[in-house]
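K.L.:
No sequence on hand, only this structure:
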């Protein structure tokens with residue numbers, strides 16, 4: 001059974017995230033688990049996420065969020081920031097979510113830096129070299 005689609009293609013925040021993500025070498029988008037996901041051989045970004053409450057029950061949805069791979073050295077500091085969350089399924093593998101609705105205004109420079117760092121942690125070395133040559 002396929003996952004339900006959990007995004008709107010006309011979401012303006014998704015459009016901005018797409019612009020950033022698809023600028024990376026050999027980046028492409030496909031729907032994975034009902035959400036837009038961005039790959040360069042491996043996934044480096046997912047749009048939207050969820051958290052399973054510790055008490056169980058319904059998952060808390062973050063429809064306008066990015067899920068990125070985070071370096072171990074940055075994870076603890078980022079978790080102290082209330083805009084970040086530990087995403088269901090991907091959290092144990094070193095991923096964090098950033099709720100893009102948690103602040104009055106999205107810092108797109110920060111979003112780009114987080115996506116860049118995630119890309120560098122997941123992309124093949126030849127693509128990282130290509131990125132650095134630009």
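P.N.:
Great, that's in hand. Please read these numbers as outputs of a predicted model, since none were measured by experiment.

K.L.:
Just the buried positions in whichever strand or helix holds residue 49, please.
P.N.:
Using DSSP states H and E, residue 49 sits within strand 42-51. When burial is assessed from 16 or more other Cβ atoms under 10 Å, strand 42-51 yields the following buried residues: 43, 44, 45, 46, 47, 48, 49, 50, 51. For every residue, glycine as well, the C-beta is placed using N, CA and C.

K.L.:
ditto for stretch 62-78
P.N.:
Buried residues in stretch 62-78, counted by 16+ other Cβ under 10 Å: 62, 63, 64, 65, 66, 67, 68, 69, 70.

K.L.:
Could you list the residues in contact with the strand holding residue 49?
P.N.:
By Cβ atoms under 8 Å, 6 or more residues apart in numbering, the surrounding residues in contact with strand 42-51 are 6-7, 14, 17, 21, 24, 27, 32, 35-38, 59-69, 85-88, 90, 97, 115, 118-119, 121-123.

K.L.:
Out of the residues you listed, which sit inside strands?
P.N.:
Among these, the members found in strands (DSSP state E) are 32, 35-38, 60-69, 85, 97.

K.L.:
pLDDT on stretch 87-99, on average?
P.N.:
The average pLDDT for stretch 87-99 rounds to 95.

K.L.:
what does it contact?
P.N.:
Outside of stretch 87-99, the residues within contact range by Cβ under 8 Å, 6+ apart are 46, 49-52, 59, 62, 64-70, 72, 75, 78-79, 83-86, 111, 114.

K.L.:
Check stretch 28-39 too.
P.N.:
For stretch 28-39, the external contacting residues (Cβ under 8 Å, 6+ apart) are 2-7, 14, 17-18, 21-22, 24, 27, 40, 43-49.

K.L.:
quick one: contacts of the helix or strand of the chain with the lowest mean pLDDT?
P.N.:
In the chain, the helix or strand scored least confidently by mean pLDDT, DSSP states H and E is helix 72-80, which has a mean of 93. If you take Cβ under 8 Å, 6+ apart as the criterion, helix 72-80 is touched by 70, 84, 86, 94, 96, 117.
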